[in-house]
Structures are given as structure tokens and as C-alpha cells.
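>>> this is the structure alone, sequence omitted:
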């Protein structure tokens, strides 16, 4: 049986949630003073060790909602924490946030993601990290090679659980959970609550408390949403007009990898700075693209849905759905990249006349009617740009190295050289001393 906790009208400060003084000081240094609704509702029961299902739209601060309790509880035990996420970008983003809070108290973390060096990841594991952040596929690789043991995991978090199921990670998740001690705390966070998530919670969680701060599928209130009905032939002309009329930072979604490459090349041909991110790009290229987008080197990022939940960039003025998503739920995650932290945002979707049924499905999910705008006067069609289908990386720099940094470097001892990976006892003496 699942309990449900509803938000109260008044949102307290972090200092009212039972967080330890050392962590409160770190939060204050990072200018985190007022918790978001999901943090307000999730942190107190999570600090008590309760299993928890958190439902909140993307961009609402879920990382700290589970990260603060995990760090605080691990500081008083010899256990480890495990966080599973669907994409490499999201794993790196979560680990970065955890280190903002935990670095000064000696938190050690390891990031296990595809596209990065297995050797470097093994070195991180030898340092007996307090928290392991992983994508399911790469974690299973380590389990198969016996480079990791999950015997000491005390807290498990499934973040963006609906997305992990959407992209087929359910078998790996079940395998991982079967190897984690049953005497553990489990927290599951998701933007939507399909039946598969409920079944997963019922099987692997103990009387989970359900925290829902917005109805499943709710889009961010401050995002203005509109649709253009447009044929495939004039999409690029409409895009040309929108990019000219809107000078801000823009995130554009394409349905396919080849489409993302073609659109990015076309945008650069229009005279704008643009970069693409999708699964055919190497990890180094994806990191460079995201860093360049964050810094302003690229005004426009063209992405497939791999980036819908892995991009945490402030002040994205517009999200453009050049192609409607295959899954209606992904519409929510895409437009959640704008209008973050209380700011205003805008989402513009292109739809062909034969996609009216898809629009109706999205409207049912978000419980809102999307306004359809008349096409503006479009600029002349530009000459087409040829993009080779068989070479997505021909415009990108070669990957350098491939080692993945551990956010906790500088707080652990030396690696164990050529010795086999050690089973972790949770380590943490220095971590716990600094915390307490």
C-alpha cells in the first residue's frame, strides 16, 4: 500500500527540514535557501530512511531532493549509495550537483557511464566511493566483469524512472535491484507515473510514501506554448524566420540523429552558431557541445530526446520542437528545459496537418489546449545543404582521451595500482569526521 503526501501551502526554508548544520552551511554558500516543493516534501521522510516515490515535472530540483538525504544518511553509516539514471548527460549533471554539496565534507563519487574509459571507472571504484552514479547498461558491464560489488549498497535512487523504462532499461534495472541488499532505502523519482512505474514500486519498495507536487504530465505553468501547422517542405524557412526574430538561447529537438545533424548544418548555413547532440556523438563531443551551449559559444543546440532530461542550462528562452516526439510524455520533458526556476519560457512546436491526432494526445496529457498560430511571412528558401548520412562526426573534433573525471577527486587515497578491485566497505572515515 502506498501512502500519499500532498504539499502544504507554506514552503519552509532548508533549515526547517532536519538537515544537518554542515550541509545547511554548504547549501547557504551555494545560495540554496528556499526548497522547491518536491524538496520540501521529500527531504524530511527521506532523512528518516523511508522509501519514497517522487512525482514532479522536470526542472523542479529533484536531484537535491534525494541527494541531500543520501549524503546525510551515508555520513552516519558504512554503506554506499547508488543512483541510476537514463543518460550519460544526466549522470554527469547529477554527480556535479552532488559534489557542490558534498565536496567540502569529503564526499567521494564514481560515475559509470558508457563512452568513458572502463579503466578510469575501475580506478574510481577502487577508491571506495560513497555514491555511485551510473547508467544501467554500464553498471551491468561492471557487474559482468566483476569490477564492482553491490553488497554494501544501503540507498538506491532511480531517477527519471519513466525514461529509463521508455528506452528499455527495465531488464537491467531488475537485475541490479536483485543484487542489492533487500535491507535498503529505495527512492524513485519520475516526471510521469505510468503503470509500469507503479508495478516497479510495488515489487521493489517497502510501503513507499508518494510525494506528488504536480499532476503527472503537468507542464510548467510559466511556459508559453504554441503550435505551427507546417508542411515538411517549409519547416526550414519557418525555422529561419523564428531564429531571426528570436535572438535568445534556443534548444531545438529533432526526432532522428540524421535530422539533428542536417538541421544543425542548415542553421549554421543561416549564419547562427549551432551544435548538435545525439547518441552518435562521442562522449567527449557531447560534453564539449553541452559546455559550449552553457557558455554561450553556441546559441542554438539541436538535440534528439537523449538530451530532453540531461540538459540543465539556465535561461533557455525557447524550446522548438522541430519534430513532435514519438512519445507524448517526452513533450513534457522537452519543454521543461525552458521556464526553469520561476522564469518565463516559450515552447514552439511544428506539426504537419496529418499529426492532429498526436497534438490531441499531447493536449490530453498536459490538460491544456495548444493554440495553433498562422504562419508568418516566410523568408526565401535557402539552397539545401548536403549532409552525408554515413558520417555524423565529420564536422566534430576527434575525441581526446576518454577518461571520466570523478567528482570526488582530491579526497581519496591513491589508487590500488594493478591490484584487483577491492570490495567496498563503504569507507568514509574522513567523510564522516568532516560531516560530524
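It's in. Computed from a predicted structure; not experimentally measured. Numbers count the residues shown, from 1 in each chain.

>>> now do the strands in the stretch 101-250 of the chain.
109-112, 131-134, 153-158, 185-190, 209-212, 223-229, 250-253 (DSSP state E, counting those that start in this stretch).

>>> low pLDDT regions in the stretch 51-200 of the chain?
58-59 (pLDDT under 70).

>>> give me the neighbour count for residue 199.
11 (other Cβ atoms under 10 Å). For every residue, glycine as well, the C-beta is placed using N, CA and C.

>>> now swap in residue 21 and tell me
9.

>>> dump the residue contacts of it.
Not one residue lies near residue 21 by Cβ atoms under 8 Å, 6 or more residues apart in numbering.

>>> on that earlier part again, possible to save the strands of the stretch 101-250 of the chain as a markdown table with mean neighbour count and distance to residue 34?
Formatted as a markdown table, the strands of the stretch 101-250 of the chain follow (neighbours: other Cβ atoms under 10 Å; distance: least, Cβ to Cβ, whole Å):
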| stretch | mean neighbour count | distance to residue 34 |
| --- | --- | --- |
| strand 109-112 | 27 | 26 |
| strand 131-134 | 26 | 25 |
| strand 153-158 | 25 | 23 |
| strand 185-190 | 25 | 20 |
| strand 209-212 | 21 | 18 |
| strand 223-229 | 18 | 21 |
| strand 250-253 | 26 | 26 |
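
>>> in TSV, list those strands along with distance to residue 279.
What follows is the strands of the stretch 101-250 of the chain, written out as TSV (distance: least, Cβ to Cβ, whole Å):
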stretch	distance to residue 279
strand 109-112	18
strand 131-134	17
strand 153-158	21
strand 185-190	22
strand 209-212	31
strand 223-229	26
strand 250-253	14
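
>>> any idea of the mean pLDDT in stretch 251-260?
On average, the pLDDT along stretch 251-260 is 94.

>>> which intervals of the stretch 251-400 of the chain have sub-threshold pLDDT?
307-312, 340-343, 384-400.

>>> now with 90?
Applying pLDDT under 90 to the stretch 251-400 of the chain picks out residues 278-287, 290-291, 294, 305-315, 326-345, 365-368, 379-400.

>>> which residue ranges form the helices in it?
257-269, 283-295, 328-335, 356-366 (DSSP state H, counting those that start in this stretch).

>>> pick the most buried one from the ones you listed.
Neighbour counts (mean count of other Cβ atoms under 10 Å) averaged over each of these peak at helix 328-335, with a mean of 25.

>>> and that one, what does it pack against?
helix 161-166, strand 318-321, strand 345-351, helix 356-366 (3 or more Cβ pairs under 8 Å, 6 or more residues apart in numbering; DSSP states H and E).

>>> how far away from the center of its chain is the shortest one?
Using Cα atoms, centre = their mean, to the nearest Å, the distance from the centre of strand 318-321 to the centre of the chain it belongs to is 18 Å.
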